[in-house]
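Undergrad: Structure, please.
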Amino acid sequence: MLKRYMHKRERYHAFLEDNRVVHPFEWGTEYITDDAGGRDSRELFSEFSKYTIEHSEDFFCSPEISDFRLDGDDLTWTSGIRTLSPENNTVYAKYFPNQSHDKKAAVLVLPHWNAKAGTYFDLCKIFNRLGFSALRMTLPYHEQRMPPELERADYLVAPNVGRTLQSLRQSVVDTRSAVRWLKSQGYEKIGLVGTSIGSCVGFFAFAHDMQIDTAVFNHVSGYVADVVWEGLSTYHVKEGIGDNVGLDELREYWLPISPMAYMDRLSKLPPRPQRYIYTLYDLSFPVDLSRDTMAALRRHKIKHSKAAIPCGHYTLGEKPWVYYDGYKIVSFLRKHLK
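TA: Next comes the predicted model:
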């Protein structure tokens, strides 16, 4: 009965403002190479995937940033990844400094896909009350970074194979730049919390940046392709892909932007506190995918904390679940950033 009710609520929220656009399928080889040379796209992406995973430190490397600018509580800088959309090439973040000016710890907050301006500000203020500073970063193609032709952040995850690879890479590079800025401000410890797609982005950063001391991943899934294929929120992306690419192919091509690809890497790093939160009636990050991810963590002997909440992806934002989720996030980071 609870499952049926939650699924009904999930569908209600998913289609409440359904302005999703079905974009046509594109390979987007220009987003991964300047010289495709007329090569077969399938062969090109297969080779790119293998090479990128082997050299993921280079793929997710954050270059030196020389133009960080803090104007009041608004932080901006030029993204380390240049895209075809000029608006998207400037990164925006809202800074919530601890009023006591204690530089012991700060938390980087990564929102969900299509998050509106102002979301997660309350969470940042809670961190302030606990004595931590916070930085809420805008993801690529969101808010001020959204090109004029879009109503939603459709370029972040799209039926364009290459652009999606570039967009999520840019998200990670920007995240690592934000971490670097916080360290430059004198913060001793850095925590991270990411929600939904922000959870995936945060995981990639966590697996490649030892400056992040602890993290909470809010919603968990191991393969971006499977989320697109099975998820309620991404039906329009799958519809755009059509029969141009199968699931097994897409999983291979998007493996560099899938958490499962970096489990082995994470297992070999010094252990750090990490919590994974998933929901039992999720139709956007289907629970089977979440459980597969948790099984992979156990299989790789990665020490972690977990929480399974009896609601769905959207309903996690409803009472009482939003309070329970907030408690699980805040209490964990408070414990490990003290």
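Undergrad: can you map out the strands along the chain?
TA: 69-71, 74-78, 90-96, 105-110, 133-137, 189-195, 214-218, 274-279, 305-309 (DSSP state E).
Undergrad: Which neighbouring elements make contact with the first one?
TA: Based on contacts counted as 3 or more Cβ pairs under 8 Å, 6 or more residues apart in numbering; DSSP states H and E, the elements that strand 69-71 packs against are strand 74-78. Where C-beta positions appear, they are placed from N, C-alpha and C, glycine not excepted.
Undergrad: can you put the strands of the chain in a markdown table and add distance to residue 30 and mean neighbour count?
TA: Formatted as a markdown table, those follow (distance: least, Cβ to Cβ, whole Å; neighbours: other Cβ atoms under 10 Å):
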| stretch | distance to residue 30 | mean neighbour count |
| --- | --- | --- |
| strand 69-71 | 30 | 11 |
| strand 74-78 | 21 | 17 |
| strand 90-96 | 22 | 20 |
| strand 105-110 | 27 | 28 |
| strand 133-137 | 26 | 25 |
| strand 189-195 | 28 | 26 |
| strand 214-218 | 31 | 26 |
| strand 274-279 | 35 | 24 |
| strand 305-309 | 40 | 16 |
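Undergrad: got CSV for these, with distance to residue 252 and mean pLDDT too?
TA: Listed next are the strands of the chain as CSV, based on distance: least, Cβ to Cβ, whole Å; pLDDT from 0 to 100:
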stretch, distance to residue 252, mean pLDDT
strand 69-71, 40, 98
strand 74-78, 32, 98
strand 90-96, 30, 98
strand 105-110, 26, 98
strand 133-137, 29, 98
strand 189-195, 24, 98
strand 214-218, 23, 98
strand 274-279, 24, 98
strand 305-309, 28, 98
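Undergrad: Quick check: which of these is nearest to residue 230?
TA: In terms of Cβ to Cβ, the element of the strands of the chain nearest to residue 230 is strand 274-279, at 14.5 Å.
Undergrad: now the strands of the chain in JSON lines, with distance to residue 52?
TA: Shown next, in JSON lines, are these (distance: least, Cβ to Cβ, whole Å):
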{"stretch": "strand 69-71", "distance to residue 52": "31"}
{"stretch": "strand 74-78", "distance to residue 52": "23"}
{"stretch": "strand 90-96", "distance to residue 52": "22"}
{"stretch": "strand 105-110", "distance to residue 52": "21"}
{"stretch": "strand 133-137", "distance to residue 52": "23"}
{"stretch": "strand 189-195", "distance to residue 52": "21"}
{"stretch": "strand 214-218", "distance to residue 52": "22"}
{"stretch": "strand 274-279", "distance to residue 52": "23"}
{"stretch": "strand 305-309", "distance to residue 52": "28"}
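Undergrad: Tell me which of those strands lies nearest to residue 320.
TA: strand 305-309 (10.1 Å).
Undergrad: quick one: strands adjacent to that closest one?
TA: strand 274-279 (parallel) (DSSP bridges).
Undergrad: Off-centre distance for the lengthiest helix in the chain?
TA: Longest among the helix segments of the chain by residue count, using DSSP state H, is helix 161-184. Mean-position distance between helix 161-184 and its chain equals 10 Å (Cα atoms, centre = their mean, to the nearest Å).
Undergrad: Give me the buried positions along it.
TA: 161-182 (16 or more other Cβ atoms under 10 Å).
Undergrad: what's the residue nearest the centre of the chain in contact with, if anything?
TA: Centroid check for the chain by Cα atoms, centre = their mean gives residue 198 as the closest residue, at 2.4 Å. Residues in contact with residue 198 (Cβ atoms under 8 Å, 6 or more residues apart in numbering) are 109, 110, 111, 112, 113, 115, 139, 218.
Undergrad: what's the distance between the fourth one and residue 52?
TA: Read that as residue 112. Distance, residue 112 to residue 52, by Cβ to Cβ, to the nearest Å: 25 Å.
Undergrad: out of these two, which sits in the busier spot?
TA: residue 112 (24 against 19; other Cβ atoms under 10 Å).
Undergrad: what residues are up against the closest residue to the more buried one other than its chain neighbours?
TA: Of all residues not flanking residue 112 in the chain, residue 196 sits nearest, at 3.7 Å (Cβ to Cβ, 6 or more residues apart in numbering). Counting by Cβ under 8 Å, 6+ apart, residue 196 touches 112, 113, 218, 219, 284, 285, 313.
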